[in-house]
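Chemist: Here is a sequence together with a model predicted from it:
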Amino acid sequence: MTNPYSSVFTAVRNQTPLVHHITNYVTVNDCANITLCCGGAPVMAHSTEEVEEMVQYAGALVLNIGTLDQNQTDAMLLVGRAAAARDIPIILDPVGAGATSLRTNTARRLITELPISVLKGNAGEIGVLAGVEAQVRGVDSAGITGDAISITREYAAQTKMTIVMSGPTDIVSDGKQTFLVENGDPLMGRVSGTGCMAASVIGVCAAVSHDRAVSSAAALAAFGIAGERAAKTACGPGSFKVALFDELAALKPEDLITDAKIRSV
């Protein structure tokens, strides 16, 4: 017995896709390790001298603006254009968009100039980029005005991107399909970088599926199930993080049949 979500995870484990990251220096090691635990292979290359050459081997490209500077923006545009020329899916995590003009303008530029496949952010980040009233404090969401599901669906339909709005319930929409993913545990919010890691897992799954909404929902469910299981043995955030890696590495495709909490709306 299979379902679309377990099939994505089976493909990941069978194919071991390479995921090229340009991510922030706070979480780069965690993103590399979570990619390995999911079943992918990470490469963390950011130099403008090599990114165009490196991405040709990748199944997906993950861009994260968490520790942004001009050199990083230049590299993201170079590698994004090279990925687009090879039809490699691009996942953008617009960390802190709405907090400063640099982050907001850079996120908008990347969305305008690159064919972003999946835009993954919290409610504040997605709200700001979608043009609705939203607040961001540092890199954390401080709220959004309006119905989050409708905002996600309408923004996806408008831009032709798959939008992932993360939160206690993750919302995934490509404008036609909309899913709510309800896996996870509150401890995931007490460890720095789980949002960045989620984008890496989304990248791994996007590398093996052309249905970006289904693959994103599968990624979030898998990551959330691992979080739920890790929380059962953890004594606090530190031991939880270690257990999160272990549980994702141990996850089986059939676990997405029995334990994924994904609803279509």
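Modeler: On my side now, so go ahead. Residues are numbered from 1 along each chain as shown.

Chemist: CA only for contacts and neighbour counts going forward, please
Modeler: OK.

Chemist: any idea where the strands of the chain begin and end?
Modeler: 18-22, 41-44, 60-64, 90-93, 118-122, 134-137, 140-144, 162-166, 170-173, 178-181, 262-264 (DSSP state E).

Chemist: What are the buried residues along the shortest one?
Modeler: Residues of strand 262-264 classed as buried: Ile262 (neighbour count, 16 or more other Cα atoms under 10 Å).

Chemist: Counting neighbours, what do you get for the closest residue to Asn183 other than its chain neighbours?
Modeler: Spatial nearest neighbour of Asn183, excluding adjacent residues (Cα to Cα, 6 or more residues apart in numbering): Gly224 at 4.5 Å. When counting by other Cα atoms under 10 Å, one arrives at 25 neighbours for Gly224.

Chemist: With mean pLDDT and distance to Val242 as extra columns, can I get the strands of the chain in a markdown table?
Modeler: Formatted as a markdown table, the strands of the chain follow (pLDDT from 0 to 100; distance: least, Cα to Cα, whole Å):
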| stretch | mean pLDDT | distance to Val242 |
| --- | --- | --- |
| strand 18-22 | 98 | 22 |
| strand 41-44 | 98 | 19 |
| strand 60-64 | 98 | 23 |
| strand 90-93 | 98 | 23 |
| strand 118-122 | 96 | 24 |
| strand 134-137 | 56 | 28 |
| strand 140-144 | 55 | 23 |
| strand 162-166 | 97 | 22 |
| strand 170-173 | 98 | 23 |
| strand 178-181 | 98 | 23 |
| strand 262-264 | 97 | 25 |
